[in-house]
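1. Mind folding the following:
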Amino acid sequence: MNTPDSSTRTALVVGASGIAGSAIVEQLTAQDWDVVALSRTPVPGSTARHVAADLRSAESLAAALAEERPTHVFFTAWSRQATEQENIEVNAGMVRNLLAALAHAPVEHVALMTGLKHYLGPFEAYGQGEMPDTPFLEEEPRLPVENFYYAQEDELWAAAGRQGFRWSVHRAHTVIGHAVGNAMNMALTLAAQAAICRETGRPFVFPGSQTQWNSLTDMTDATLLAEHMVWAATTEAAGNAAYNVVNGDVFRWRRMWPALAEHFGLEWEGYQDAPRPLEEQMRGAEDVWARIVDKHGLAEPDLGRVASWWHTDADLGRPIEVVADMSRSRLAGFTGYRRTQDCFTDLFDRYRTEHIIP
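-> The predicted structure follows:
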């Protein structure tokens, strides 16, 4: 990776308080970049300069960023909407608004985080219809469905053509990392499930499909995603390309689930006859969580800010194998690697230390 010159490089991290954004902020500040963190709330414990703006408002962004001069932009924000058409309007609009507000700035590179729904289709058609064979390759053509990832890429490319910056797209698979209040956080969701199971004397029950239980899969640690995005943004040969970003190992949930249960000291149950979604398993668990918070003096009383049952159900309920190929990154020089089981347990330990889970 090229060593950034902190005297000439300023990073704008959009969605800075989320799982991916906070990991990017942490990495860049450790490398002595000048970092501007754009998010609704400041990144806890960060020295980055915080800027608040409404990504859905061109006027708000123009005012907030008028005096900022970032050279590198890392876009990790998204806003979940009821339909894919609304997702396109809102999320593509946020990319368009942000880049238009930076037309005055000396932007050299914009890194956009998306995901494997590029190959799987949007939530309302998730894993349905024709899809490419696994492992997914970046050169696969777009699916013949509306997808806000495609619309975001189109906005990125159009702005790059107007403003002359390099770009990269980073297609991650189920990002796990350190954040509270994020809408898609499998690690913290499973930790909350484990705490509720322990409190109620229930086994740790796998919520997903038979295919997910038995098939190979992979995941993306937020710190590796941060490394990858900074690598692409600071390595000239890596620009103007889309990349899959996964840890580098593969696993089966039928081996991972018992290992996670052992970490929590719980009995476990695997797939049995049909999926057992967390939204059903954990229905009405708010009172149990309140009891756990009171008993252990936890920092976050709102279970809705800790667990995103729906998202973990969507990931683990897929009736298809999901594995991404990393060859494009390897051939371009990126060698980052994580062991996914260690990523889970390290996060559980960190959340426990911060009194987010018991």
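
2. which stretch of helix or strand covers Arg96?
-> For Arg96, the enclosing helix or strand under DSSP states H and E is helix 93-101.

3. and that helix, how far from the chain's centre?
-> If you compare the mean C-alpha spot of helix 93-101 with that of the full chain, they lie 20 Å apart, counting by CA atoms, centre = their mean, to the nearest Å.

4. Would you give the sheet partners of the next helix-or-strand element following it, along with the direction of each?
-> Proceeding C-terminally, helix 93-101 gives way to strand 109-115 as the next helix or strand, assigned by DSSP H and E. The pairing partners recorded for strand 109-115 under DSSP bridges are strand 72-75 (parallel), strand 166-172 (parallel).

5. Pick the most buried one from those strands.
-> Mean neighbours per residue, mean count of other CB atoms under 10 Å, is largest over the strands paired with strand 109-115 for strand 72-75, with a mean of 27. C-beta coordinates here come from the backbone N, C-alpha and C atoms, glycine included.

6. Quick one: distance of that one to the chain centre.
-> 15 Å.

7. And the helices in the stretch 151-300 of the chain, which stretches?
-> Using DSSP state H, counting those that start in this stretch, the helices found in the stretch 151-300 of the chain span residues 186-200, 210-214, 222-234, 253-264, 278-281, 286-296.

8. quick one, which of the ones you listed is nearest to Glu138?
-> Taking CB to CB as the criterion, Glu138 comes closest to helix 222-234 out of the helices of the stretch 151-300 of the chain, the separation being 12.5 Å.

9. pLDDT on the closest one, on average?
-> Per-residue pLDDT values across helix 222-234 average out to 98.

10. which residues make contact with that helix from outside it?
-> By CB atoms under 8 Å, 6 or more residues apart in numbering, the surrounding residues in contact with helix 222-234 are 1-2, 4, 19-20, 22-24, 26-28, 31, 72, 74, 109, 111, 113, 168, 170, 172, 175-179, 238-239, 241, 243, 245, 247, 329, 333-334, 336-338.

11. Filter the residues you listed down to the buried ones.
-> The neighbour count (16 or more other CB atoms under 10 Å) marks 1, 4, 19-20, 22-24, 26-28, 31, 72, 74, 109, 111, 113, 168, 170, 172, 175-179, 238-239, 243, 245, 247, 329, 334, 336, 338 as buried among the contacts of helix 222-234.

12. Which ones among the residues you listed map onto strands?
-> With DSSP state E as the criterion, strands contain His72, Phe74, His109, Ala111, Met113, Ser168, His170, Ala172, Val175, Ile176, Tyr243, Val245 from among those.

13. Test my guess that the first one contacts Thr8.
-> Same thing as His72. No: taking contacts as CB atoms under 8 Å, His72 lies outside contact range of Thr8: 10.7 Å.

14. shared neighbours, these two?
-> With CB under 8 Å, 6+ apart as the test, His72 and Thr8 reach no residue in common.

15. so where's the stretch 151-300 of the chain shaky on pLDDT?
-> Across the stretch 151-300 of the chain, the stretches falling below the confidence threshold (pLDDT under 70) are 183.

16. Export stretch 306-321 to CSV, keeping only CA atoms.
-> Output for stretch 306-321, consisting of C-alpha atoms alone and laid out as CSV, is shown next (Å, rounded to 0.1, in the frame of the first residue of the first chain):
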residue,chain,number,x,y,z
VAL,A,306,-28.4,-3.7,19.2
ALA,A,307,-30.0,-6.4,17.0
SER,A,308,-31.2,-6.3,13.4
TRP,A,309,-33.1,-9.6,13.3
TRP,A,310,-34.5,-9.0,9.8
HIS,A,311,-31.1,-8.6,8.2
THR,A,312,-29.5,-11.7,9.8
ASP,A,313,-32.6,-13.6,8.7
ALA,A,314,-32.2,-12.4,5.2
ASP,A,315,-28.5,-13.3,5.0
LEU,A,316,-28.9,-16.7,6.7
GLY,A,317,-32.2,-17.6,5.1
ARG,A,318,-30.9,-17.5,1.5
PRO,A,319,-31.6,-20.7,-0.5
ILE,A,320,-28.4,-20.4,-2.5
GLU,A,321,-24.7,-20.6,-2.0
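
17. what about Asp302, distance to Glu286?
-> Taking CB to CB, to the nearest Å as the measure, Asp302 and Glu286 are separated by 9 Å.

18. Next: Val205.
-> Using CB to CB, one gets 19 Å for the distance from Val205 to Glu286.

19. for Ala226, same thing?
-> For Ala226, the distance to Glu286 under the criterion CB to CB works out to 33 Å.

20. and what of Gly317?
-> Relative to Glu286, Gly317 is positioned 23 Å away (criterion: CB to CB).

21. With neighbour numbers in mind, choose between the two.
-> When Gly317 and Glu286 are compared for neighbours, Gly317 comes out ahead with 18 against 13, by other CB atoms under 10 Å.

22. what pLDDT does Met131 get?
-> pLDDT, the model's per-residue confidence, is 81 for Met131.
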